[in-house]
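>>> Structure here, sequence nowhere to be found:
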């Protein structure tokens, strides 16, 4: 993601519109049609505005305690019809409860809490994470 890790910040992604355009371009370049977008932590700055603007282009959405959930209103979330699996570890007591409080307004959501896992629940409990993810993917049309 531009601006994270060792990647340079690209000026076009400093706004939500720029981040939507960036993610749109990535999906186009990869030739992806109706993917499931898995969004852990900092990627929420990219995935959430994309979900709210172009959620109909996704088959599903899997937020894992993403940042930025408080930047949007309950009404904005309620308009999204994308099937969503809200997934997080029960030891993530910082970001996960706040994200859940906001994301629970998504009408097509299901919540899975991984016991004994922290913020990076996919690393702490990979088997449980993959079981939940695969179960969600199997239910999609």
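In hand now; what should we look at? All figures in this text were calculated on a predicted structure; none of them were measured in a lab.
>>> Run a quick neighbour tally on residue 102.
Here the number of neighbours of residue 102 (other C-beta atoms under 10 Å) works out to 21. For every residue, glycine as well, the C-beta is placed using N, CA and C.
>>> who touches it in this structure?
Counting by C-beta atoms under 8 Å, 6 or more residues apart in numbering, residue 102 makes contact with 69-70, 72, 74, 77.
>>> mind checking how far it is from residue 31?
Applying C-beta to C-beta, to the nearest Å, the value for residue 102 to residue 31 is 32 Å.
>>> again, but for residue 112
According to C-beta to C-beta, residue 112 stands 30 Å off from residue 31.
>>> ditto for residue 43
In terms of C-beta to C-beta, residue 43 sits 20 Å off from residue 31.
>>> can you check residue 103 too?
Residue 103 sits 29 Å away from residue 31, going by C-beta to C-beta.
>>> And the helices in the protein?
Applying DSSP state H to the chain gives helices spanning 16-29, 44-54, 74-78, 95-103, 121-124, 126-139.
>>> most neighbours per residue, which of those helices?
Mean neighbour count (mean count of other C-beta atoms under 10 Å) peaks for helix 44-54 among those, with a mean of 22.
>>> So which elements touch it?
helix 16-29, strand 36-40, strand 60-64 (3 or more C-beta pairs under 8 Å, 6 or more residues apart in numbering; DSSP states H and E).
>>> what's the closest of those to residue 128?
strand 60-64 (12.5 Å; C-beta to C-beta).
>>> Other residues contacting that closest one?
Contacts of strand 60-64 (C-beta under 8 Å, 6+ apart): 36-41, 44, 47-48, 51, 55, 69, 82-88, 99, 103, 106, 121-122, 133, 136-137, 140.
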